[in-house]
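> Let's see this in three dimensions:
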Amino acid sequence: MRIALLARERNNNFNLLRFLAASAVIFSHSYALTGRGLDEPLLRWSDGATYLGLSGVTVFFIISGFLVSKSFTERKTLAAFAAARALRIYPALVAATLFSAVLAVALGTLPWREFLSDPQTQHFVVRNSFGWRIEYFLPGAFLDNPYPRAVNGSLWSVPIELSMYVACALAGTLGLLYRRVAFNIVFVAGFVIFTLRPDWFTLYNHVPHVRLLALAFATGSLAWVNRDVIPLSPWAAAVALLVLVVNPGEILRGPFSLILLAYVVLTFALHPTLRFAAFNRIGDYSYGLYVYAFPIQQALVNVKHDLDPFGLFAAAFALTLLMAMASWHGMEKPALGLKSRFRPRLQPA
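Next up, the predicted model:
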């Protein structure tokens, strides 16, 4: 069954996959934030090739590349596309930024008046709320934690996500998202250059992970553009997953892993034999889990220094899930409901 046929239905596992990916990020951070980052299970098992946090974010970007490209091709105007993206990203991002600042001043060493008047606080709130440049530190916050000073490290991927939205809009405006051959030529050329000379991709902060996430997003877009010709098979996905599992030392270090991972992700998300429809009824809590967890974890460690990774994960996951549920039902879902206002009205014949 080809992607084009399966993607028409709204009954899929994307919410479940993003929920699991966000949970993996929280679990991974539970090791780093308790000072035991080198003990993270996937980091040790893969001999440093990857870790659960990065793997979870990579899954996010593959899904985002697929769905955001789909969103552009289904909307009639660039303004409608931009509005849809802004309504998805910014409400929870602004709320998470303010929430992080509240926790930092509540548990920090500075009086609140001094905290609020500090330029670092103002930069944190303004820049993180826009998302194009992320600030990680607030004055007097979490100074004695095993992972000191960082208030919301999860936001590091937001500027990359926003940049990919711009790249997607540019590709769509140029017609690449509608022309399979042209898109494939550009993708293959970029993939080859990425493989041979990754240093040429001098993206945000020159961090290798940034290049990986950009390619993950492009791989998701590739799947959407080629939706009419790509079949999805659980058996083929199982083989791809087996290859990833048995050879993490080599394949996971290279860009070829993204092709295999994208196939596994999209098969699990879309194939009817693997659907778990009941999960979609509860809501999409993944974004909230992602943006609220880090400051909650830092706050818990600040209050109780002897937490181990499993204890931190259990406590932080429960608290963050409550925040994510409130965020989704009280803010994110109503904001997404406004997207219909930006769709062009049909003219009478």
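> can you tell me the helix or strand for the residue nearest the centre of the chain?
What sits nearest the mean C-alpha location of the chain, by Cα atoms, centre = their mean, is residue 60, with 4.0 Å. Using DSSP states H and E, residue 60 sits in helix 52-74.
> immediately after that helix, which helix or strand?
helix 78-107.
> Go ahead and confirm residue 120 touches residue 136.
No - applying Cβ atoms under 8 Å, one finds residue 120 not in contact with residue 136, separated by 10.4 Å. For every residue, glycine as well, the C-beta is placed using N, CA and C.
> low-scoring stretches of the stretch 101-250 of the chain, by residue?
198-208, 248-250 (pLDDT under 70).
> what are the ranges of the strands in it?
Assigned by DSSP state E, counting those that start in this stretch, the stretch 101-250 of the chain shows no strands.
> ok, for residue 316, nearest residue in space, not its chain neighbours?
residue 297 (4.5 Å; Cβ to Cβ, 6 or more residues apart in numbering).
> tell me the phi and psi of the one you found?
phi -60, psi -40 (degrees, to the nearest 10).
> per-residue confidence for it?
Per-residue confidence at residue 297 stands at 98 (pLDDT).
> Quick check: the gap between it and residue 33.
Distance of residue 297 to residue 33, given as Cβ to Cβ, to the nearest Å: 5 Å.
> OK, contacts around the nearest residue to the residue nearest to the centre of the chain once chain neighbours are set aside?
Spatial nearest neighbour of residue 60, chain neighbours left out: residue 21 (5.4 Å); criterion: Cβ to Cβ, 6+ apart. Listed by Cβ atoms under 8 Å, 6 or more residues apart in numbering, the contact set of residue 21 reads 55, 56, 57, 59, 60, 286.
> check which helix or strand covers residue 21.
helix 14-32.
> Please work out which residues outside the helix or strand that comes right after that helix touch it.
Sequence-wise, the next helix or strand downstream of helix 14-32 (DSSP H and E) is helix 41-45. Here helix 41-45 makes contact (Cβ under 8 Å, 6+ apart) with 28, 37, 38, 50, 51, 52, 55, 248.
> Now with 6 Å, please.
51, 52 (Cβ atoms under 6 Å, 6 or more residues apart in numbering).
> now the helices for the stretch 201-349 of the chain?
208-225, 234-246, 256-270, 286-303, 309-327, 333-336 (DSSP state H, counting those that start in this stretch).
> between those, which gets nearest to residue 9?
Among the helices of the stretch 201-349 of the chain, helix 256-270 comes nearest to residue 9, with 8.2 Å by Cβ to Cβ.
> Could you name the helices and strands sitting against that closest one?
helix 52-74, helix 208-225, helix 234-246 (3 or more Cβ pairs under 6 Å, 6 or more residues apart in numbering; DSSP states H and E).
> quick one: buried residues of the last one?
Going back to what we said before, that points to helix 234-246. 237, 240, 241, 244 (16 or more other Cβ atoms under 10 Å).
> Take the residues you listed and write them to TSV, including distance to residue 269.
Formatted as TSV, the buried residues of helix 234-246 follow (distance: Cβ to Cβ, whole Å):
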residue	distance to residue 269
237	10
240	14
241	14
244	17
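> tell me the two of those residues that are most distant?
237 and 244, at 10.5 Å, using Cβ to Cβ across those.
> Phi, psi for residue 49 please.
The phi/psi pair for residue 49 (degrees, to the nearest 10) is phi -70, psi -40.
> can you tell me how far it sits from residue 257?
For residue 49, the distance to residue 257 - Cβ to Cβ - is 9 Å.
> And residue 174, its phi and psi?
Dihedral angles for residue 174 - degrees, to the nearest 10 - are phi -80, psi -10.
> Count the neighbours of it for me.
Using other Cβ atoms under 10 Å, residue 174 is surrounded by 13 other residues.
> Could you do the one 10 residues further on as well?
By the measure other Cβ under 10 Å, the count of residues near residue 184 is 14.
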